[in-house]
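In: Please find the sequence and the predicted model below.
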2 protein chains.
Amino acid sequence: MRSRFHQGLDELRGRLLRMGGLAEQAVDRACQAYIDRDLNRCHQVLEGETQINLTEREIDELAFDLLAMQQPMAVDLRFILAVTKINADLERVGDQAVNIAERVMDMVELPKADLPVDIARMATAASAMVRRALESFIEGKAELAQAVLEMDNVVDRMRDDAFIRLVKTMNERPEVTRQALDALLIARNLERVADHATNIAEDVIFWVRGADVRHNVTQEAAAAQPSIPDTH
Amino acid sequence: MRSRFHQGLDELRGRLLRMGGLAEQAVDRACQAYIDRDLNRCHQVLEGETQINLTEREIDELAFDLLAMQQPMAVDLRFILAVTKINADLERVGDQAVNIAERVMDMVELPKADLPVDIARMATAASAMVRRALESFIEGKAELAQAVLEMDNVVDRMRDDAFIRLVKTMNERPEVTRQALDALLIARNLERVADHATNIAEDVIFWVRGADVRHNVTQEAAAAQPSIPDTH
């Protein structure tokens, strides 16, 4: 039978995955809204933010309760700290989706412009990074997380490429400056989504490798120390 | 005499303040580089990032060691978790400074353009928010943190204002499109600095109010539980 503490860790993992699902959905919706010029989807993204913020807070509270419940072993401690960091990054992925939705709402009010940027492709790449970073977390595999770090360069190149093309568009067709600027800012938001996926991958590596390296050391240290708290 | 654990908490606080100093300095340098079109200052910001990243990792390791050392009381637990979150935000303030420095490096290669945006004023406001958020942390005062949240609206308005003016400039003077875009992205980076200050202020409120509210509850819960770990 699993202890109450370990049931808590399972619950924490499950909630973080749901949080990841919400964040990914928000990005996908915002980019679909861009493609379809769909105001309804924009509003769904804005409304979804409340749920994401609430879930973030719940995960933090559960992490806090688990830390307060007992003195975790080093491997569990690193896991819980990694969860709180990943949680914060997922919330910010949700913020980026909101930023994209706001840009789309601006664009929909302007005449449709044909722009030299493939937002859908960038969105697919950025979403895939978030998904794989979460997979590396579920499976506890540093090598999967490492692959996410390498994908970041691809998204950065897409952003640089979009930047150059869209500035050229602004110069050549001043009548679509604002649309081009919206698209440029969306490309930048997607780059940030990729950056958050990178942060998550780094946290997974910190957790997995740190746990490998430090687990035994800390067990020895714990054995050498009394398990009752110091005076304070 | 203070316990080893409490000396550790003091050390953690001290390091976080140094981290805050580094992040603030990076933003100030990047904005001074913008004003003076100073490539040397840009390079200082890029080089300073290594130190900031290193300090972030050291703070995380110390927080980890403190949590592993003993079972902290609820108030200390919230403090340590708040530190790890504030730490991550300060590192990202440093990232924003790097982004600004990179935009300045782009601008310096282009002819100087007179642009309708007061970057210095925005930078002063954003820096002040970071400083006050850290002050609210040092003093543990939720009402100081609350004041930071209200300042965020001011910076958001400055950013909106910059956005409108600079898009107009791009339309009317296509020859300075790229400079205007650089300035617009710098304004956006400063808005993000303000957002991170807001996150820090929220973490301070979470720590201070949470500690007030939950401290006694958790002490009672701790008294009702054995202080040795569950089986796991």
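Out: Great, that's in hand.

In: for chain A, what spans make up the strands?
Out: Counting by DSSP state E, chain A has no strands to list.

In: ok, and the helix or strand in chain A with the lowest average confidence?
Out: Here the helix or strand of chain A ranked lowest by mean pLDDT, DSSP states H and E is helix A:177-224, holding a mean of 78.

In: Check the offset of that one from the chain's centre.
Out: Centre-to-centre, helix A:177-224 and its host chain are 8 Å apart (Cα atoms, centre = their mean, to the nearest Å).

In: Tell me which residue is most central in chain A.
Out: residue A:90 (3.5 Å; Cα atoms, centre = their mean).

In: which stretches of chain A form helices?
Out: Remark: helices assigned in chain A by DSSP state H are A:4-36, A:39-69, A:74-108, A:119-139, A:142-172, A:177-224.

In: Any regions of chain A where pLDDT drops low?
Out: Within chain A, the segments meeting pLDDT under 70 span A:1, A:211-232.

In: at 80 what do you get?
Out: A:1-2, A:70-71, A:210-232 (pLDDT under 80).

In: picking up where we left off before, and the least confident helix or strand of chain A, what other elements does it pack with?
Out: Applying 3 or more Cβ pairs under 8 Å, 6 or more residues apart in numbering or on different chains; DSSP states H and E, one finds that helix A:177-224 contacts helix A:4-36, helix A:74-108, helix A:119-139, helix A:142-172, helix B:39-69, helix B:142-172, helix B:177-224. For every residue, glycine as well, the C-beta is placed using N, CA and C.

In: Now render these as JSON lines, adding distance to residue A:61.
Out: Formatted as JSON lines, the helices and strands packed on helix A:177-224 follow (distance: least, Cβ to Cβ, whole Å):
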{"stretch": "helix A:4-36", "distance to residue A:61": "10"}
{"stretch": "helix A:74-108", "distance to residue A:61": "11"}
{"stretch": "helix A:119-139", "distance to residue A:61": "20"}
{"stretch": "helix A:142-172", "distance to residue A:61": "26"}
{"stretch": "helix B:39-69", "distance to residue A:61": "17"}
{"stretch": "helix B:142-172", "distance to residue A:61": "18"}
{"stretch": "helix B:177-224", "distance to residue A:61": "9"}
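
In: Of the ones you listed, which stretch is the most buried?
Out: Between the helices and strands packed on helix A:177-224, helix A:74-108 has the highest mean count of neighbours, a mean of 23, where neighbours are mean count of other Cβ atoms under 10 Å in any protein chain shown.

In: Please report how far residue A:187 lies from residue B:64.
Out: 36 Å (Cβ to Cβ, to the nearest Å).

In: And residue A:103, by the same measure?
Out: On the measure of Cβ to Cβ, residue A:103 and residue B:64 end up 39 Å apart.

In: And for residue A:51?
Out: For residue A:51, the distance to residue B:64 - Cβ to Cβ - is 31 Å.

In: before we move on, the earlier item: please list all residues in contact with the residue nearest to the centre of chain A.
Out: A:16, A:19-20, A:22-23, A:52, A:56, A:130, A:196, A:200 (Cβ atoms under 8 Å, 6 or more residues apart in numbering or on different chains).

In: between these, which is nearest residue B:40?
Out: residue A:196 (31.8 Å; Cβ to Cβ).

In: Go ahead and confirm the closest one touches residue A:91.
Out: No. Assessed by Cβ atoms under 8 Å, residue A:196 is found out of contact with residue A:91, at 9.2 Å.

In: of the helices and strands packed on helix A:177-224, which approaches residue A:43 most closely?
Out: Judging the helices and strands packed on helix A:177-224 by Cβ to Cβ, what sits closest to residue A:43 is helix A:74-108, at 8.0 Å.

In: between the closest one and helix B:39-69, how many degrees?
Out: Between helix A:74-108 and helix B:39-69, the angle comes out at 140 degrees (axes from the mean of the first three to the mean of the last three Cα atoms, to 10 degrees).

In: so helix A:74-108 versus helix A:177-224, what angle?
Out: For helix A:74-108 against helix A:177-224, the angle by the same axes, to 10 degrees is 170 degrees.

In: Can you give me every residue that contacts the residue nearest to residue A:76 when sequence neighbours are not counted?
Out: For residue A:76, ignoring the flanking residues on the chain, the nearest one in space by Cβ to Cβ, 6 or more residues apart in numbering or on different chains is residue A:9 at 6.5 Å. Taking Cβ under 8 Å, 6+ apart, we find residue A:9 in contact with A:66, A:76, A:79-80.

In: ok, those residues vs chain B, which is closest?
Out: residue A:76 (7.7 Å; Cβ to the nearest Cβ).

In: What's the separation between that closest one and residue A:67?
Out: 9 Å.

In: what do you get for residue A:77?
Out: Taken as Cβ to Cβ, the span from residue A:77 to residue A:67 is 8 Å.

In: which residues are common contacts for those two?
Out: residue B:67.

In: closest to residue A:179 out of the helices and strands packed on helix A:177-224?
Out: helix A:74-108 (5.9 Å).

In: so what's the closest residue to residue A:87 other than its chain neighbours up against?
Out: Residue nearest to residue A:87 in three dimensions, not counting chain neighbours: residue A:59, with 4.7 Å by Cβ to Cβ, 6+ apart. Residue A:59 is in contact with A:12, A:15-16, A:19, A:83-84, A:87, counting by Cβ under 8 Å, 6+ apart.

In: Out of those, the closest to chain B would be?
Out: Closest to chain B, out of all of these and judged by Cβ to the nearest Cβ, is residue A:84, at 6.6 Å.

In: any idea how far that closest one lies from residue A:108?
Out: Taking Cβ to Cβ, one finds residue A:84 at 37 Å from residue A:108.

In: Over to residue A:143?
Out: Residue A:143 is 42 Å from residue A:108, by Cβ to Cβ.

In: ok, now how distant is the closest residue to residue A:195 other than its chain neighbours from residue A:130?
Out: Closest residue to residue A:195 in three dimensions, ignoring its sequence neighbours and counting by Cβ to Cβ, 6+ apart: residue A:152, at 7.2 Å. As for residue A:152, its distance to residue A:130 is 12 Å (criterion: Cβ to Cβ).

In: hang on, the earlier thing: identify whichever of the helices and strands packed on helix A:177-224 lies nearest to residue A:210.
Out: Closest among the helices and strands packed on helix A:177-224, using Cβ to Cβ: helix A:74-108, at 5.1 Å.

In: Who are the contact partners of the spatially closest residue to residue A:51 that is not a sequence neighbour?
Out: Distances taken as Cβ to Cβ, 6+ apart put residue A:22 closest to residue A:51, at 6.2 Å, once the chain neighbours are dropped. Each residue near residue A:22 by Cβ under 8 Å, 6+ apart is listed here: A:48, A:51-52, A:55, A:90, A:94.

In: how does it look with 10 Å?
Out: A:48-49, A:51-52, A:54-56, A:90-91, A:93-94, A:97 (Cβ atoms under 10 Å, 6 or more residues apart in numbering or on different chains).

In: Looking at those residues, which is nearest residue A:136?
Out: residue A:90 (14.1 Å).

In: Can you give me the separation between the closest one and chain B?
Out: 13 Å (Cβ to the nearest Cβ, to the nearest Å).
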